[in-house]
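Q: The sequence isn't on hand, but the structure is:
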């Protein structure tokens, strides 16, 4: 390529940056038949116009991060989550913190004073004091080591021997998803904040691929594992009146949420595919009296019982 103007170079460089390319000064100078000094001036001009758009993954090379690339790849909530997960990992010295380049972390985790968003609720429980547990569990999961621990749930204390598969972030809490043997094989979730006295048993294990599939499929802590669980998936059908329908159009309250139909009055009919009715009960309770369960009949009767108990407690309170 022959010599081109600085303006042309800057536009071309911006296009490449916007595509997520990593650009090295020496290579750019060769491509545009100019000096490395001129390329550095071009990059300084981009920084002056667009702010701190660039990070340097390696010496003499640059990549766009934080503005166009991240904002077009992630929505605001996902970007906020990414920031907080990186903050958490960095502060607790988890493995994620070690694998992300420092310049990338710095670009993502930046002061939010000028951000148009202000999030009042943190999307994770405070677990900084449990960092040693996380490191232990990361190692056990990576090297498939069976573990034993004491589990404190309110006033009940149990000792479990488990095969750890994944650390899950679900319903704003961190859980350990494990294979558990008690008469039959089960997938169990344990709140990491409630785990104490972690030990290795000395045994290793292989993953049950169906259990791992189930862990990826589950949508709430109340999912229930059965062998050949995909043959047992249940479809829950509910209706939402027009006034509340907009919320379900804007947001999926469970990943499997699908809009089946919308009638002339604006009433939505939705479906959820779950491993157990328990996965959807908390959602139905949250939207009483607006969410009406249509099927299955067993859930219809269960929710009628919940409503009756609620009304009975309300009447007792009035008395």
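A: Structure's in. What do you need? Predicted, not measured: the structure shown is a model, and the values here were computed from it.
Q: quick one: contacts for residue 307?
A: Counting by C-beta atoms under 8 Å, 6 or more residues apart in numbering, residue 307 touches 288-289. C-beta here means a position set from N, CA and C on the backbone, and glycine is covered the same way.
Q: Thought residue 28 was touching residue 38, still the case?
A: No. In this structure, residue 38 is not within contact of residue 28 by C-beta atoms under 8 Å, at 9.2 Å.
Q: any residues in contact with both of these two?
A: With C-beta under 8 Å, 6+ apart, residue 38 and residue 28 have common neighbours residue 9.
Q: between those two, who's got more neighbours?
A: Between residue 38 and residue 28, counted using other C-beta atoms under 10 Å, residue 28 has the larger neighbour count: 22 against 16.
Q: if I've got this straight, that one is in a strand?
A: No. According to DSSP: H, G, I helix; E, B strand; the rest coil, the state of residue 28 is helix, so it is not within a strand.
Q: That one is in contact with residue 17, isn't it?
A: No. The criterion here is C-beta under 8 Å, and residue 28 misses it with residue 17 at 11.2 Å.
Q: Helix, strand or coil: sort out the closest residue to residue 292 other than its chain neighbours for me.
A: Residue nearest to residue 292 in three dimensions, not counting chain neighbours: residue 239, with 4.6 Å by C-beta to C-beta, 6 or more residues apart in numbering. In three-state terms, and counting by three-state DSSP, residue 239 is strand.
Q: burial measure for residue 239, as a count.
A: For residue 239, the number of neighbouring residues by other C-beta under 10 Å comes to 17.
Q: likewise the one 10 residues further on?
A: Using other C-beta under 10 Å as the criterion, residue 249 is surrounded by 11 other residues.
Q: Residue 230 now?
A: For residue 230, the count of nearby residues is 11 (other C-beta under 10 Å).
Q: How about the one 4 residues further on?
A: Around residue 234 sit 16 other residues, with neighbours defined as other C-beta under 10 Å.
Q: before we move on, what about residue 227?
A: Per other C-beta under 10 Å, the neighbour tally for residue 227 reads 12.
Q: What residues of the helix or strand harbouring residue 189 count as buried?
A: Applying DSSP states H and E as the criterion places residue 189 in strand 184-191. For strand 184-191, a neighbour-count test (16 or more other C-beta atoms under 10 Å) marks 187, 189-191 as buried.
Q: Closest one to residue 266 out of these, please.
A: residue 189 (37.3 Å; C-beta to C-beta).
Q: you'd agree that closest one is up against residue 225?
A: No. Residue 189 lies out of contact with residue 225 (C-beta under 8 Å); the separation is 10.3 Å.
Q: Closest to the centroid, which residue in the protein?
A: What sits nearest the mean C-alpha location of the chain, by C-alpha atoms, centre = their mean, is residue 169, with 6.2 Å.
Q: and it, what are its bridge partners?
A: Counting by DSSP bridges, residue 169 forms beta bridges with residue 174.
Q: gap between it and residue 141?
A: Here residue 169 is placed at a distance of 14 Å from residue 141 (C-beta to C-beta, to the nearest Å).
Q: repeat for residue 233
A: Distance from residue 233 to residue 141, counting by C-beta to C-beta: 26 Å.
Q: cool, residue 277 as well?
A: Distance of residue 277 to residue 141, computed by C-beta to C-beta: 30 Å.
Q: Kindly state the pLDDT recorded for residue 241?
A: Looking at residue 241, its pLDDT stands at 93.
Q: Can you show me the strands along the stretch 201-319 of the chain?
A: Counting by DSSP state E, counting those that start in this stretch, the stretch 201-319 of the chain has strands at residues 234-240, 258-262, 268-274, 292-295.
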